[in-house]
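K.L.:
got a predicted structure here, sequence first:
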Amino acid sequence: MFQLLLRARVNNYFKTRSAGRNAETDQARVTSIFRSIEDALEGAIAEQAGLKSRIDDALARAAVTLGNDSHEYLTRDPEDNYYQNLLGTEIADGQRRLNELRVTIGHIQFLKTALVTRFPDFNFGQTRPARKIVD
């Protein structure tokens with residue numbers, strides 16, 4: 001019986017991949033995850049930058065329509081009040097989303113750091129230059 005098992009191995013019924021091929025496969029898997037994390041991070045940072053720009057624009061429009069007289073709110077047209085309230089709501093929603101993005105970006109950066117530290121021997125290739133994170 002034992003000879004039958006040995007003969008099976010000699011006749012190449014079971015073979016493992018080479019260590020080099022295993023390393024290449026593992027490298028490809030981990031690099032795929034790394035690139036996905038980088039893509040997610042880049043997308044979140046781009047969304048954050050665009051949203052920050054739109055919020056700044058809305059703040060500027062709100063400031064212009066608000067006026068600079070200390071009692072101007074008493075004589076403001078109802079239509080102006082409506083638009084002022086609308087801008088205030090949009091700004092608040094945008095700032096809420098900016099806070100969510102700030103937290104999400106932190107989590108994604110943590111995932112990237114965890115991946116790099118768990119696989120220190122892996123070469124992740126050239127990483128894209130990091131975009132500036134908006135505060």
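P.N.:
The structure has been received and is ready for your questions.
K.L.:
please name every helix or strand in contact with the longest helix anywhere in the chain.
P.N.:
Taking residue count as the measure and DSSP state H as the definition, the longest helix of the chain comes out as helix 19-66. The contact analysis (3 or more CB pairs under 8 Å, 6 or more residues apart in numbering; DSSP states H and E) places helix 19-66 against helix 78-118. The way it works is simple: take the backbone N, C-alpha and C, and place the C-beta from them, glycine included.
K.L.:
counting by contacts, list what the helix it packs on packs against.
P.N.:
Helices and strands touching helix 78-118, as assessed by 3+ CB pairs under 8 Å, 6+ apart, comprise helix 19-66.
K.L.:
so how far is Arg17 from Thr113?
P.N.:
Counting by CB to CB, to the nearest Å, the gap between Thr113 and Arg17 amounts to 30 Å.
K.L.:
mind listing what the residue nearest in space to the middle of the chain touches?
P.N.:
Central residue check for the chain by CA atoms, centre = their mean: the C-alpha nearest the mean position is that of Leu41, 2.6 Å away. Applying CB atoms under 8 Å, 6 or more residues apart in numbering to Leu41 gives the contacts Ile105, Ile108, Gln109, Lys112.
K.L.:
quick one: the second one and Glu42 touch, right?
P.N.:
Yep, that's Ile108 we're talking about. No. Between Ile108 and Glu42 there is no contact under CB atoms under 8 Å: 9.6 Å.
K.L.:
for Ala44, grab the count of nearby residues.
P.N.:
Ala44: 21 surrounding residues under other CB atoms under 10 Å.
K.L.:
mind checking how far it is from Lys112?
P.N.:
Note on Ala44: its distance to Lys112, by CB to CB, is 12 Å.
K.L.:
same check, this time on Arg97
P.N.:
22 Å.
K.L.:
more neighbours: those two, which one.
P.N.:
Lys112 (18 against 14).
K.L.:
who touches that one in this structure?
P.N.:
With CB under 8 Å, 6+ apart as the criterion, the residues that contact Lys112 are Phe34, Ile37, Glu38, Leu41.
K.L.:
show me where pLDDT drops low in the chain?
P.N.:
Under the criterion pLDDT under 70, the flagged ranges of the chain are 1-14, 66-76, 125-135.
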